[in-house]
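> sequence? don't have it. structure:
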């Protein structure tokens, strides 16, 4: 037995002697009282079992603690390997107008009647800014509309005359009714005059027809008389030759026959003239009616062309009258007001005020360090944080990188951060912050911080980054 085992053997020997002594004492006591011996033996057995189980329980607790620690570190490593965080490039900048400053002008000019805004006011699209005196354009427009109403009534009359139709009623106010009544009276008068002229021509045609009929009847009568007279003369000639009838009677019949021939020739010659006069009277009646309608049609075409011209002029005058109320072309901020006097004269095309547009999307111009420029590409997402609004309360604005300057720039103003920089522009997707709530009121010139997301990496990569750098650079000294 080696020396290190001696103390343990002595301890075991001592414990054995104590157990034997206890056993002898217990045996002596048990000899006196058997129940007491049983109870004392039970207590010693329990104590002995407790001593045996205590090391086993301690070892089990240690194993569970070790397992929990291993599970915790395994979960942490797994989370670090899977969880990703954004890799960003930070730039400092400010909000700039996304559109050019709008200069508000008036084409015709005029006299200032009312100024409705002041410098620095926020205005919406189509909001009135100034009002010019509308009297000049209102008067011209009223005159144009009066001519247009009168011309419309005239066109209604001419349409009825050209189409040989009744005069159509016009709808409108008292002025339209008055003009319609005037044109209706003129329509009736012209129609009556036309009918009277046509009636005269038709009466003349009827008279010529009557004369023609009489002349034809006279020609037929003369033809019959000549036939009888010629027969009588033929019958009397043999009697004159035989001396039964005087020659003077033959001469008288011959003279009568010649007279009848003359009258018959005159009647026959008059027939074409009378027919022509009758036909001419009828044609003149039809021609008069056709000319009346043709004149009405020509006047109708001219009136319609004039109405179209007046309508176009009226539209232009209404547009001029509408422009006497100068409205904002965009939503924005009044930057500079160049008109300050009510009653002052505005020259045509004169600049009256300037408006800085306030669009739903904002343009932020920021400066980025040259060391970060290699990771920037147009189209990358970004978050804009405005210094005027607490990021922890309002959040930021989602944006997109639109432009990266082609070359580095140097500060031009004294007091700016020295050193080169790249200029980038990002455009927001609205004015509603990422933290929710109502859209923010954002003005040009506000200072902003831009976080441009260039990629994503795991937490484990960031934790191992120092080790990776050491690995890449170690053992390289000369």
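Nice, thanks for sending it over. Predicted model only: the values in this text are computed from it and were never measured. Numbering: from 1, shown residues only.
> got the contact list for whichever strand or helix holds residue 383?
Using DSSP states H and E, residue 383 maps to strand 381-386. Contact with strand 381-386 is made by 95, 362, 364, 391, 394, 396-401, 426, 428, 434, 440, 442, 446-453, as judged by Cβ atoms under 8 Å, 6 or more residues apart in numbering. C-betas here are computed from N, CA, C, even on glycine.
> Repeat that for stretch 130-140.
Residues outside stretch 130-140 that contact it (Cβ under 8 Å, 6+ apart) are 106, 108-117, 317, 320-321, 323-326, 339, 346, 352-353.
> Buried members of those into ChimeraX, please.
Remark: buried members of those, expressed as a ChimeraX selection using 16 or more other Cβ atoms under 10 Å:
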select :106,108,110,112,115,117,317,320,321,323,324,325,326,339,346,352,353
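> Nearest spatial neighbour of residue 154, chain-adjacent residues omitted?
Distances taken as Cβ to Cβ, 6 or more residues apart in numbering put residue 303 closest to residue 154, at 5.6 Å, once the chain neighbours are dropped.
> How about residue 372?
In this structure, residue 372 finds its nearest non-sequential neighbour in residue 89, 4.2 Å apart by Cβ to Cβ, 6+ apart.
> can you give me the helices in the stretch 101-250 of the chain?
Using DSSP state H, counting those that start in this stretch, the helices of the stretch 101-250 of the chain run over 135-162, 174-242, 247-323.
> Please identify the most buried of those helices.
Of all these, helix 135-162 has the most neighbours on average by mean count of other Cβ atoms under 10 Å, namely a mean of 17.
> if I pick the residue located most distally from the centre of the chain, what's in contact with it?
Distance from the centre of the chain peaks at residue 243, with 122.8 Å (Cα atoms, centre = their mean). Contacts for residue 243 (Cβ under 8 Å, 6+ apart) come out as none.
> who's in contact with the most centrally placed residue in the chain?
In the chain, the C-alpha nearest the mean C-alpha coordinate belongs to residue 125, at 13.7 Å (Cα atoms, centre = their mean). Applying Cβ under 8 Å, 6+ apart, we find residue 125 in contact with 328, 329, 330, 331.
> And it, its phi and psi?
Phi and psi for residue 125, reported as degrees, to the nearest 10, are phi -60, psi 140.
> Tell me the pLDDT of it.
In the predicted model, residue 125 carries a pLDDT score of 89.
> what about it, distance to residue 208?
Distance, residue 125 to residue 208, by Cβ to Cβ, to the nearest Å: 79 Å.
> Check residue 138 too.
Distance, residue 138 to residue 208, by Cβ to Cβ: 63 Å.
> Likewise for residue 312?
53 Å.
> ok, back up a step: which members of the contacts of strand 381-386 are positioned in strands?
95, 364, 397-401, 426, 428, 447-453 (DSSP state E).
> and which of those residues is nearest to residue 153?
Nearest to residue 153 among the ones in strands among the contacts of strand 381-386: residue 428, at 59.5 Å, using Cβ to Cβ.
> so who does the closest one touch?
361, 362, 364, 384, 397, 398, 399.
> sorry, back to before: direction included, what does the strand holding residue 383 pair up with?
When pairing is defined by DSSP bridges, strand 381-386 lines up against strand 397-404 (antiparallel), strand 447-458 (antiparallel).
> possible to save these as CSV with mean pLDDT and distance to residue 250?
Below are the strands paired with strand 381-386 laid out as CSV (pLDDT from 0 to 100; distance: least, Cβ to Cβ, whole Å):
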stretch, mean pLDDT, distance to residue 250
strand 397-404, 90, 132
strand 447-458, 85, 142
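> most packed of these?
For these, average neighbour numbers computed from mean count of other Cβ under 10 Å are highest in strand 397-404, which has a mean of 19.
> May I see the strands paired with strand 381-386 arranged in CSV, with distance to residue 214 as well?
Shown next, in CSV, are the strands paired with strand 381-386 (distance: least, Cβ to Cβ, whole Å):
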stretch, distance to residue 214
strand 397-404, 105
strand 447-458, 113
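> Please name whichever of those strands is nearest to residue 369.
Across those, residue 369 has its closest neighbour in strand 447-458 (11.8 Å, Cβ to Cβ).
> Which strand or helix spans residue 80?
Using DSSP H and E, residue 80 maps to helix 34-82.
> how about the contacts of residue 428 in TSV, adding distance to residue 221?
As requested, the contacts of residue 428 are exported to TSV (distance: Cβ to Cβ, whole Å):
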residue	distance to residue 221
361	109
362	113
364	118
384	120
397	118
398	117
399	117
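> Of all pairs in those, which one is the farthest apart?
Farthest apart among the contacts of residue 428 by Cβ to Cβ are 364 and 398. That separation is 12.0 Å.
> Make sure residue 123 is actually in contact with residue 357.
No: under the criterion of Cβ atoms under 8 Å, residue 123 makes no contact with residue 357, lying 10.5 Å away.
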